[in-house]
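[1] Task: produce atomic coordinates for the following.
(chains A and B)
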Amino acid sequence: GAGVSQSPSNKVTEKGKDVELRCDPISGHTALYWYRQSLGQGLEFLIYFQGNSAPDKSGLPSDRFSAERTGGSVSTLTIQRTQQEDSAVYLCASSLKTDGAEAFFGQGTRLTVV
Amino acid sequence: AQSVTQLGSHVSVSEGALVLLRCNYSSSVPPYLFWYVQYPNQGLQLLLKYTTGATLVKGINGFEAEFKKSETSFHLTKPSAHMSDAAEYFCAVSDSGYSTLTFGKGTMLLVSP
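    This next block holds a predicted model:
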């Protein structure tokens, strides 16, 4: 596609349920990021994939959060046993990852845990 | 480690007035610096970036920013605000081609008639 695509755009889930958020990056982009955006908190880095290298998971807030990237393309962010504090907009971005390359963002998935 | 500080969570200007959004960074190596804009219910869009070369960078919609190494700053300016500039603006830093982007907390720009 022409841009980064995220699905679903909105997700309401009950506390304790698992959710999966999907990101389709721009074709050919080797780098993929997940960020979490909460009101007044800016963008919180979650995880970073770069080519075939081991992902940088240093931003994942707890072991309930995990992500994978299959075939160097589509990525899925999974949140297990969701809590109300997980409610946020989850943004995915991809880039070519040459030095200083621009990251292109999807429109995000708004997750609401009730 | 990198960090970004954006001074002021909200900035209000009148239409036609100068826009100045402040960004200071810390980085142990020469940085790459970015400004992104986010309109309501949309993703982030790149306004401009500094990698190497000229320290005054021009971006879209009449915005520009100047990299000042001595001040570790990358402030965003626009000579004359337009109502359509009302949005949230994020400054970001990375320090190589293989590191993550670190964002500031954002500044909401409010433009009044």
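[2] contacts and neighbour counts: CA atoms only from here.
    Noted.
[3] where do the helices sit along chain B?
    Using DSSP state H, no helices are found in chain B.
[4] hmm, the helix or strand bottoming out on mean pLDDT in it touching chain A?
    Here the helix or strand of chain B ranked lowest by mean pLDDT, DSSP states H and E is strand B:102-103, holding a mean of 90. Yes: using CA under 8 Å from any CA of the partner chain, strand B:102-103 reaches chain A at B:T102, B:F103.
[5] So what's the gap between that strand and the chain middle?
    From the chain centre to the centre of strand B:102-103 is a distance of 11 Å (CA atoms, centre = their mean, to the nearest Å).
[6] same question, stretch A:74-82
    Chain-centre distance of stretch A:74-82: 8 Å, with CA atoms, centre = their mean.
[7] Okay, buried residues for that stretch please.
    Neighbour counts over stretch A:74-82 (16 or more other CA atoms under 10 Å in any protein chain shown) mark A:V74, A:S75, A:T76, A:L77, A:T78, A:I79, A:Q80, A:T82 as buried.
[8] In strands, which of those fall?
    Mapping the buried residues of stretch A:74-82 onto strands (DSSP state E) picks out A:S75, A:T76, A:L77, A:T78, A:I79.
[9] now B:Q6, nearest residue through space, not along the chain?
    Once flanking residues are discounted, B:Q6 sits nearest to B:C23: 4.6 Å by CA to CA, 6 or more residues apart in numbering or on different chains.
[10] Can you check the pLDDT for that neighbour?
    At B:C23, the pLDDT value in this model is 97.
[11] where's it relative to chain A, distance?
    14 Å (CA to the nearest CA, to the nearest Å).
[12] correct me, but that residue touches B:C91?
    Yes: counting by CA atoms under 8 Å, B:C23 touches B:C91, with 6.4 Å between them.
[13] Disregarding flanking residues, what is the spatial nearest neighbour of A:F45?
    Using CA to CA, 6+ apart and skipping residues adjacent in sequence, the residue nearest A:F45 is A:Y35, 4.6 Å away.
[14] If the residue nearest in space to the middle of chain A is in a bridge, with which residues?
    Relative to the mean C-alpha position of chain A, the nearest C-alpha, by CA atoms, centre = their mean, is the one of A:W34, at 3.2 Å. Per DSSP bridges, the residues bridged to A:W34 are A:I47, A:C92.
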